[in-house]
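K.L.:
Model the structure of this input:
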Amino acid sequence: MKLINKAYLSLLTAVVAGTAVGQNPIVPQGMYMADPSAHQWTKGGPVYVYGSRDEALDYYCSYDYDVWSSDDMKTFKLHPYVFASRGDNDEVKYNEELLFAPDCLEKDGKYYLFYCQGGSPDVEGVAVGETPAGPFKSGKLLKGAWQIDPAVFVDTDGKPYLFYGQFSAKCARLADDLMSIDRSTITDSIITERDHSFHEGIQVLKRGDWYYLVYADISQRGMPTCIGYSMSRNLMGPYEYKGVIVDNFGCDPNVWNNHGSIAEIDGEWYVFYHRSTNGSERMRKACVEPITFNPDGTINRVEMTTQGAAGPLNPFETMEAWRTCYLTGDARISLVKPADYRNNIPGMEMVTNIRNNNSSAFRYFDFTREPKKLTVTVVPEAGGTIEVFANTLSLPRLAVITVPEGNGNTPMTITVDVEPEPAMSLIGVRPIFFRFRGKNGVDLMKFISFKFD
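P.N.:
Below you'll find the model as predicted:
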């Protein structure tokens, strides 16, 4: 991965200062979290999000976990290095494999982190923490659970279960101490790829009389880009496939998978999921969208947004381009500067590889007054024009911005008038689209931020 030189970084620091919170992704620039499993352990208390930490373009995940927490579903706090399989905080003494998607369960004031690892075969384990954010200690192998992506669930009768697997979901009873499974209870094919579009990454919950299995779903294009779900009146099924909750296709040219969860937080429901970045299947970033249920228990599908759980955003505050919720063509969110976890130094990302006719979308903004000006910050390369639209990628066009040729290393701020064509009021909640024009086959510019005035 090619990073930008130090002189360039110093110029960009002022550009990205004053970032707003309460937007997707929920993790900051230069930090990556995939496979989010969200839990609010106490009503009115914080929500904790457990997941994998991506660190490279050429392999999934890493050798340690972080936890993120939030008191308001807008600002998320990092709890770094809560568990590891090698190096600092190594609590997996029986191997040094990568740590994949985890889940967590509370019992009697302790928190049980269920983790999984690649290998021959894949393995699952459990570690224990005194707080929801760890640290988690003494990783122990769950013998007999030989596939990835654990999901833990306690039924209304108090019995705990482990769900896991790829292509065909498996279930087993957990011992009362949660430290082992009863291998005689392993049941296969609870849901399958053929009948339920199940790929991996299962989550289990109960709402009313319905059990829900939520998972990475291949139904849309033979790739697990969706969070889908199935429902049953019985924990062990049979389950009926019900459809897609959210699809992350379009977040990156090379997106491959999705993985997430749904959670009730202070009476409201949300779907947590991830998006790819950096023109990769990896380097994923956790996101969240509010969801609603129908009277029959089914879930209404939602779209990827920039606003996330925050509600419509203020267009008169600076919006960073890396928060785009949809890209077309070759454009991608790229890492410019990794975050330094240990020293609390933020990272930096922007939209790069922008070529002719690529576009970028941001959903949604609440225009409480008519905008008069639009300011964009870019790094010119071959240069070109940016057409800016509201509502759709065709009409109404709000502005055309001319970007001169540049050296690809110097940021430029450009301000233009906002003049909707055809003339119309912009007051209300609207998406904003950017379409980039220029020579074919060359990078036109890098996109850093924009703001209406």
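
K.L.:
what residues are up against Ala390?
P.N.:
Ala390 makes contacts with 396, 398, 420, 426, 430-433, as judged by C-beta atoms under 8 Å, 6 or more residues apart in numbering. For every residue, glycine as well, the C-beta is placed using N, CA and C.

K.L.:
List phi and psi for it.
P.N.:
phi -110, psi 150 (degrees, to the nearest 10).

K.L.:
What sits closest to it if chain neighbours are left out?
P.N.:
Excluding the flanking residues, the one nearest Ala390 by C-beta to C-beta, 6 or more residues apart in numbering is Arg430, at 4.7 Å.

K.L.:
Look up how far Phe389 lies from the one you found.
P.N.:
10 Å (C-beta to C-beta, to the nearest Å).

K.L.:
Quick one: find the helix or strand in the chain with the lowest mean pLDDT.
P.N.:
Within the chain, confidence by mean pLDDT, DSSP states H and E is lowest for helix 6-15 among all helices and strands, at a mean of 37.

K.L.:
returning to that earlier point: quick one: which helix or strand includes the residue nearest to Ala390?
P.N.:
If you go by DSSP states H and E, Arg430 is part of strand 428-437.

K.L.:
any residues touching that strand, and which ones?
P.N.:
Contacts for strand 428-437 (C-beta under 8 Å, 6+ apart): 312, 315, 331, 354-367, 384-393, 398, 444-445, 447, 450.

K.L.:
Now do the same for stretch 359-377: mean pLDDT, whole number.
P.N.:
The average pLDDT within stretch 359-377 is 98.

K.L.:
start to end distance for it?
P.N.:
16 Å (C-alpha to C-alpha, to the nearest Å).

K.L.:
Give me the distance from that stretch to the chain's centre.
P.N.:
Relative to the mean C-alpha coordinate of its chain, stretch 359-377 is positioned 23 Å out (C-alpha atoms, centre = their mean, to the nearest Å).

K.L.:
Same question for it: list its buried residues.
P.N.:
359-365, 367, 371, 374, 376-377 (16 or more other C-beta atoms under 10 Å).

K.L.:
from those residues, which is closest to Ile345?
P.N.:
Thr377 (21.4 Å; C-beta to C-beta).

K.L.:
which secondary structure element contains that closest one?
P.N.:
Assessed by DSSP H and E, Thr377 sits inside strand 373-380.

K.L.:
and the angle from that strand to strand 428-437?
P.N.:
If you take axes from the mean of the first three to the mean of the last three C-alpha atoms, to 10 degrees, strand 373-380 sits at 30 degrees to strand 428-437.

K.L.:
could you measure His39 against Lys170, distance?
P.N.:
In terms of C-beta to C-beta, His39 sits 22 Å off from Lys170.

K.L.:
next one: Arg233
P.N.:
Distance from Arg233 to Lys170, by C-beta to C-beta: 20 Å.

K.L.:
Pick out whichever of these two has more residues nearby.
P.N.:
Lys170 (18 against 12; other C-beta atoms under 10 Å).

K.L.:
so that one touches Gln147, yeah?
P.N.:
Yes - the pair Lys170 / Gln147 is scored as a contact, 6.8 Å apart, by C-beta atoms under 8 Å.

K.L.:
Now the common contact residues for these two.
P.N.:
Contact criterion C-beta under 8 Å, 6+ apart; residues bridging Lys170 and Gln147 by contacting each: Tyr164.

K.L.:
give me the number of residues near the closest residue to Thr131 other than its chain neighbours?
P.N.:
For Thr131, ignoring the flanking residues on the chain, the nearest one in space by C-beta to C-beta, 6+ apart is Tyr111 at 6.8 Å. By other C-beta under 10 Å, 22 other residues sit near Tyr111.

K.L.:
In which helix or strand does Tyr111 reside?
P.N.:
Going by DSSP H and E, Tyr111 is in strand 110-117.

K.L.:
Tell me the confidence at the nearest residue to Ala361 once chain neighbours are set aside?
P.N.:
Leaving aside its chain neighbours, Ala361 sits nearest to Tyr326 (4.0 Å; criterion: C-beta to C-beta, 6+ apart). Tyr326 carries a pLDDT value of 97.

K.L.:
cool, Ser394 as well?
P.N.:
87.

K.L.:
and if you look at Asp122?
P.N.:
So, for Asp122, pLDDT stands at 82.

K.L.:
just the helices in the stretch 101-250 of the chain please.
P.N.:
193-196 (DSSP state H, counting those that start in this stretch).

K.L.:
show me where it has strands.
P.N.:
Remark: strands assigned in the stretch 101-250 of the chain by DSSP state E, counting those that start in this stretch are 110-117, 123-129, 136-141, 151-154, 160-164, 170-173, 198-207, 210-217, 226-232, 240-247.

K.L.:
check contacts around the closest residue to Ile427 other than its chain neighbours.
P.N.:
Leaving aside its chain neighbours, Ile427 sits nearest to Phe367 (5.2 Å; criterion: C-beta to C-beta, 6+ apart). By C-beta under 8 Å, 6+ apart, the residues touching Phe367 are 315, 426-430, 452.

K.L.:
Buried members of the residues you listed into ChimeraX, please.
P.N.:
Burial among the contacts of Phe367 is assessed by 16+ other C-beta under 10 Å; the matching ChimeraX selection reads:
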select :315,426,430,452
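
K.L.:
how about the contacts of Phe367 in a markdown table, adding pLDDT and distance to Asp176?
P.N.:
Listed next are those as a markdown table, based on pLDDT from 0 to 100; distance: C-beta to C-beta, whole Å:
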| residue | pLDDT | distance to Asp176 |
| --- | --- | --- |
| Pro315 | 98 | 54 |
| Leu426 | 95 | 59 |
| Ile427 | 96 | 59 |
| Gly428 | 97 | 55 |
| Val429 | 97 | 50 |
| Arg430 | 97 | 54 |
| Phe452 | 98 | 58 |
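
K.L.:
which one of the contacts of Phe367 is nearest Asp103?
P.N.:
Val429 (35.1 Å).

K.L.:
Could I get the contacting residues of Pro102?
P.N.:
By C-beta under 8 Å, 6+ apart, Pro102 lies in contact with 35, 37, 50-52, 65, 113-116, 150.

K.L.:
which among the residues you listed end up buried?
P.N.:
35, 37, 50-52, 65, 113-116, 150.

K.L.:
what's in contact with whichever helix or strand comes after the least confident helix or strand of the chain?
P.N.:
Counting by DSSP H and E, the next helix or strand C-terminal to helix 6-15 is strand 34-39. Defining contact as C-beta under 8 Å, 6+ apart, one finds that strand 34-39 is touched by 47-54, 60-61, 100-104, 106, 132, 149, 151, 201, 203, 259-261, 263, 265, 270, 272-274, 282, 284-286, 288.
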